[in-house]
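Engineer: Below: sequence and its predicted model.
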Amino acid sequence: AQSVSQHNHHVILSEAASLELGCNYSYGGTVNLFWYVQYPGQHLQLLLKYFSGDPLVKGIKGFEAEFIKSKFSFNLRKPSVQWSDTAEYFCAVRANSGYSTLTFGKGTMLLVSP
Amino acid sequence: GAGVSQSPSNKVTEKGKDVELRCDPISGHTALYWYRQSLGQGLEFLIYFQGNSAPDKSGLPSDRFSAERTGGSVSTLTIQRTQQEDSAVYLCASSRPQGISYNSPLHFGNGTRLTVT
C-alpha cells in the first residue's frame, strides 16, 4: 500500500516569501499525485495534480509542483505567498491501478503573516 | 451545480450511543470515499466505494464502524457504541470513475463534526 509523508506540520512565512512544502511518497509502481488545500472554514479542494507527462505541473493561484520520480517526491512551490494562502495543504497519492484509494499525508498548516 | 452534501454538519452524542452520518455525492459520481480528519492525524482513509465493486473497507478502525451505499448514490457511515476517540470531522468525497486510464479529482463535502462526550 502507498503512504505519504509531509515534512512540515506548520510553516510560518511573511508575505512575498517563497514557499516550498515537501511531500514524499512510498510506492513501487506508477502513481498519480495531488495537492489539496483547505482554507479556513472551507472544504478541501484540488490545487493541482500530476498524472503523466511534464513532471512540472501548474495549479491554481500560482502554485506549482514538481514530480521527481527518483526521489519519490512531489514538492509544492510558490514564488511569492500572499496572506490569502493561509490554509492547510495536503499531499495525496494514488496508485495508478484500476481500483486504488487516495492516500493523504497529515497536512501542513501554512500561516502567512501580512 | 450542487456539490457533495453531508448531514448533519455537527453532531454531539454521548459515549456509547450510535450515530449515522450521511453523504449525498455529486450526481454521476460513482466513486465515493469516507475520510476522518482529526488534529495532528491529517486525513485518515476509512472506506471507498467504486460503482458496483465490493467496497474497500481497509481503513475502518474497528468493527464499530460500517458504511453502506444504497443504489450507488447516497452513503451512510454508522458508528456504533461511540467512544471519545471517535470525535473528529468525518469527510465524504466523490469523483467520477477511477481507473488506470481515467482519473478525476475528489470533490469534498463540508464534513460532519462529531463530538462524543
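Structural biologist: Thanks, I have the structure now. Treat the numbers as computed from the prediction; the structure is a model and nothing was measured.

Engineer: contacts and neighbour counts: CA atoms only from here.
Structural biologist: Will do.

Engineer: Spatially central residue for the chain, please.
Structural biologist: Defaulting to chain A. Centroid check for chain A by C-alpha atoms, centre = their mean gives A:Trp35 as the closest residue, at 3.4 Å.

Engineer: Oops, wrong one, chain B.
Structural biologist: B:Trp34 (2.7 Å).

Engineer: Next one: that one from chain A, what distance?
Structural biologist: B:Trp34 sits 11 Å away from chain A when distances are taken as C-alpha to the nearest C-alpha, to the nearest Å.

Engineer: got a list of what that residue touches?
Structural biologist: In this structure, B:Trp34 makes contact with B:Phe45, B:Leu46, B:Ile47, B:Tyr48, B:Tyr90, B:Leu91, B:Cys92, B:Ala93, judged by C-alpha atoms under 8 Å, 6 or more residues apart in numbering or on different chains.

Engineer: Chain A contacts on chain B?
Structural biologist: Residues of chain B lying near chain A by C-alpha under 8 Å from any C-alpha of the partner chain: B:40-45, B:48, B:50, B:98-100, B:105-111.

Engineer: Sort out which of those residues are in strands and list them.
Structural biologist: Using DSSP state E, B:Gly42, B:Leu43, B:Glu44, B:Phe45, B:Tyr48, B:Gln50, B:His107, B:Phe108 are the members of the residues of chain B next to chain A that sit in strands.

Engineer: Let me know how buried the closest residue to B:Gln80 other than its chain neighbours is, in neighbour terms.
Structural biologist: In space, not counting the residues next to it along the chain, B:Gln80 is nearest to B:Asp18; the distance is 4.3 Å by C-alpha to C-alpha, 6 or more residues apart in numbering or on different chains. If you count neighbours by other C-alpha atoms under 10 Å in any protein chain shown, B:Asp18 ends up with 15.

Engineer: what's the answer for A:Ser5, then?
Structural biologist: Number of residues near A:Ser5 (other C-alpha under 10 Å) recorded here: 18.

Engineer: what pLDDT does it get?
Structural biologist: Here the pLDDT value assigned to A:Ser5 is 94.

Engineer: For it, which residues count as its bridge partners?
Structural biologist: With DSSP bridges applied, A:Ser5 shows beta-bridge pairing to A:Asn24.
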